[in-house]
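Asker: any chance you could fold what I've pasted below:
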Amino acid sequence: MNDNHYQQNFYMKINLTITGCMGRMGQQLIKSSNKNKNFKLVSLTENFKISRKINNILPEFNNDNSFKKTNVIIDFTVPKCTLEVLKIASKLKKRVVIGTTGFTKNQEYIIKKYSNKIPILKAGNMSLGINLLMYLTEITSKSLGNNFLSKVFEIHHKHKKDHPSGTALMLGKGIAIGKNKDLNRLIGKKYLNKKSFPYGKKINFNSMRKGEVVGEHEVKFSSGKEIITLNHEAFDRALYSEGALTAAKWLMKKKPGLYSMRDVLNFK
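Answerer: Predicted coordinates for the structure are as follows:
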């Protein structure tokens, strides 16, 4: 694919498609894109029929027609839908920002294959703060070595279905990278709605689902004599949608490949 094919004229807006437009993040992305002068929202999609216009656009199903005028697609949906989006985007040579979480290993492999054809940016969390937290988690894990046990705790709103959250797993990966190990071999027990949970030889996760909490994440390292805590609280869902738009703009200048927010933020 010619990299200049998508280079935007300085005065032109980037044509944007938002999938899953009726979801919580879909709605937030519409709001944020309306305030962002770099983008022009050209299409919306959903997996059920909607007969009323949203933002002066009639939502469609994911298909060639709904994606043909776009430059970049932002997808915060479910894994099955994301793979459907990638199949069409790959055919039409469209860029995709993925904020969906909960992929299986095989689905991750399929995404990687699509990234040979189109630029894809995939992040379990689009927040600057969370990506900095992961970076700090890696450094801490590497510095402390094997004398410290670690665990990850997260809280999200009651509507969130998957657990641990994609971000919690991302932080677990940060611990694993610090130890130079594979996360899949380090994942311990996965608790749900426990008031307290233990450290283990592997990384234990505890997820709480309550109220309308946007997102809280905490990584703890313990030697038995001291505890080091790294944490992040999100108060406004707009930080995720604004992060996704920053990622989408950044992706416009990239060749096919699989990118992350780490690339956008230029963390080494």
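
Asker: could you pull up the mean pLDDT of stretch 142-162?
Answerer: The pLDDT scores in stretch 142-162 average 94.

Asker: gap between it and the chain center?
Answerer: For stretch 142-162, the gap between its own C-alpha mean and the chain's C-alpha mean amounts to 17 Å (Cα atoms, centre = their mean, to the nearest Å).

Asker: buried ones in that stretch?
Answerer: Within stretch 142-162, the residues scored as buried using 16 or more other Cβ atoms under 10 Å are 144, 148, 149, 150, 151, 152, 153, 154, 155, 156, 160. In short, each C-beta sits where N, CA and C put it, glycine included.

Asker: just the ones of those in strands?
Answerer: 149, 150, 151, 152, 153, 154, 155, 156 (DSSP state E).

Asker: pick the one among these closest to residue 244.
Answerer: When these are compared for distance to residue 244 (Cβ to Cβ), residue 156 wins out at 17.5 Å.

Asker: from residue 207, how far off is the closest one?
Answerer: Going from residue 156 to residue 207 by Cβ to Cβ, to the nearest Å gives 7 Å.

Asker: and for the two, which residues touch both?
Answerer: Common neighbours of residue 156 and residue 207 (criterion: Cβ atoms under 8 Å, 6 or more residues apart in numbering): residue 165.

Asker: for residue 124, what are its contacts?
Answerer: 101, 165, 166, 167, 169, 170.

Asker: need the nearest residue in space to it, chain neighbours excluded.
Answerer: Spatial nearest neighbour of residue 124, excluding adjacent residues (Cβ to Cβ, 6 or more residues apart in numbering): residue 166 at 3.4 Å.

Asker: which helix in this protein has the most residues?
Answerer: In the chain, taking DSSP state H as the definition, the longest helix is helix 128-144.

Asker: so what touches it?
Answerer: 123, 125, 150, 167, 170-171, 173-179, 217, 219, 221, 223, 228, 230-232, 234, 239, 243, 261-262, 265, 267.

Asker: could you tell me how many residues sit around residue 214?
Answerer: Using other Cβ atoms under 10 Å, residue 214 has 16 neighbouring residues.

Asker: ok, and for the longest helix of the chain, which residues are buried?
Answerer: Buried positions in helix 128-144, judged by neighbour count with 16+ other Cβ under 10 Å: 130, 131, 132, 133, 134, 135, 137, 138, 140, 141, 144.

Asker: can you check stretch 173-185 too?
Answerer: Buried-residue list, stretch 173-185, by 16+ other Cβ under 10 Å: 173, 174, 175, 176, 177, 178, 179, 183.

Asker: so which strand or helix has residue 191?
Answerer: Using DSSP states H and E, the element containing residue 191 is strand 187-192.

Asker: what's that strand packed up against?
Answerer: In terms of contacts (3 or more Cβ pairs under 8 Å, 6 or more residues apart in numbering; DSSP states H and E), strand 187-192 is packed against strand 203-209.

Asker: tilt between the strand it packs on and strand 149-156?
Answerer: 20 degrees (axes from the mean of the first three to the mean of the last three Cα atoms, to 10 degrees).

Asker: gap between strand 203-209 and the chain center?
Answerer: With Cα atoms, centre = their mean, you get 18 Å for strand 203-209.

Asker: pLDDT weak spots in the stretch 151-268 of the chain?
Answerer: Residues of the stretch 151-268 of the chain that meet the criterion pLDDT under 70 lie in 268.

Asker: apply 90 and report the result again.
Answerer: 160-162, 166, 237, 262, 265-268 (pLDDT under 90).
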